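S.K.: My questions are about this predicted structure, shown below with the sequence.
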Amino acid sequence: MEGGGNHYDDGHLAELLELAAGGGGGAPLFPLFRSRTIGLAAMFIMWGASAIIVGAVPELAIPICHMLLSFAFLMAGVALLTLSVAAPRCAMAARAATTLENWLMALI
């Protein structure tokens, strides 16, 4: 291998990121996640659900406080998804979704 550095990135990474974001005239690869708020909600839903499933099935393998935290992440994701879907029709839901998104981003 010549040159050193990141040999996996041969200049195509920026093109792939632009393609994934929907640039270049094509549709985005993940059309559901065009909104940052919906993507964040989906991440928290998957994070909470996967932690609950891994920690509780088939028996309780993590402390109960971690289960409750995972449930809180799951509910935060559901609340953010609900607010972001309602946001185009209701200004109060849009403000609440923005506030919750800022809190969750500060948490991460």
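M.R.: Yes, it's here.

S.K.: contacts and neighbour counts: CA atoms only from here.
M.R.: Fine.

S.K.: Could you point out which residue ranges in this protein have low pLDDT?
M.R.: Residues of the chain meeting the criterion pLDDT under 70: 1-33.

S.K.: For it, give the helix that spans the most residues.
M.R.: helix 64-86 (DSSP state H).

S.K.: Need the residues that contact that helix.
M.R.: Applying Cα atoms under 8 Å, 6 or more residues apart in numbering, the external contacts of helix 64-86 come out as 37-38, 40-49, 51-52, 55-56, 93-94, 96-97, 100-101.

S.K.: How is the chain divided into domains?
M.R.: 1-31, 35-107 (automatic domain parsing).

S.K.: if we can go back for a sec, could I have the buried ones of the contacts of helix 64-86 as ChimeraX selection syntax?
M.R.: To isolate the buried ones among those in ChimeraX, judged by 16 or more other Cα atoms under 10 Å, type:
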select :37,38,40,41,42,44,45,46,47,48,49,51,52,55,93,94,96,97,100,101
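
S.K.: Buried residues, the longest helix of the chain. List them.
M.R.: 67, 70-71, 73-81, 83-85.

S.K.: Looking at those, spot the one nearest L107.
M.R.: Checking the buried residues of helix 64-86 against L107 by Cα to Cα gives F73 as the nearest, at 10.7 Å.

S.K.: Go through the buried residues of helix 64-86 and name the one nearest L60.
M.R.: The closest of the buried residues of helix 64-86, once distances to L60 are taken by Cα to Cα, is M67, at 9.0 Å.
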